[in-house]
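Novice: I would like to see how this sequence folds:
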Amino acid sequence: MTDIDLIVALQKQTAALDRQTAAMHELAESNRAVVDMLIAEESKQDDEREMGVLLDGTPAR
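Specialist: From the prediction side, this is the model:
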């Protein structure tokens with residue numbers, strides 16, 4: 001492997017790591033949004049909450 005081949009391989013690896021880091025950041029932001037939504041829902045009074053529904057259509061308790 002020549003020096004040029006090594007530099008190209010390292011550039012590709014760096015680009016892949018940059019994409020991976022961006023994807024992980026996006027996932028973390030999404031997770032924060034879900035947690036914020038759950039916290040907001042939990043803080044509502046029981047009579048203000050919407051009754052959840054399970055995937056089969058039955059009410060969640």
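
Novice: from here on, contacts and neighbour counts on C-alpha atoms
Specialist: OK.

Novice: Quick check: the residue nearest the centre of the chain vs residue 20, distance?
Specialist: Central residue of the chain (Cα atoms, centre = their mean): residue 27, 2.3 Å from the mean position. Remark: distance between residue 27 and residue 20 (Cα to Cα, to the nearest Å) = 11 Å.

Novice: And for residue 38?
Specialist: In terms of Cα to Cα, residue 38 sits 27 Å off from residue 20.

Novice: just residue 36 next, same as before
Specialist: Distance, residue 36 to residue 20, by Cα to Cα: 24 Å.

Novice: so for whatever helix or strand residue 10 lives in, what's the average pLDDT?
Specialist: Element membership for residue 10 (DSSP states H and E) is helix 3-43. Mean per-residue pLDDT for helix 3-43: 96.

Novice: Also stretch 54-61?
Specialist: Rounded mean pLDDT across stretch 54-61 is 85.

Novice: That stretch spans what distance, first to last residue?
Specialist: 9 Å.

Novice: Tell me how far that stretch lies from the chain's centre.
Specialist: Distance, stretch centre to chain centre, for stretch 54-61: 25 Å (Cα atoms, centre = their mean, to the nearest Å).

Novice: Pull the residues that contact it.
Specialist: Stretch 54-61 is contacted from outside by 51, 52, 53, using Cα atoms under 8 Å, 6 or more residues apart in numbering.

Novice: which residues pair with the last one across the strands?
Specialist: Counting by DSSP bridges, residue 53 forms beta bridges with residue 59.
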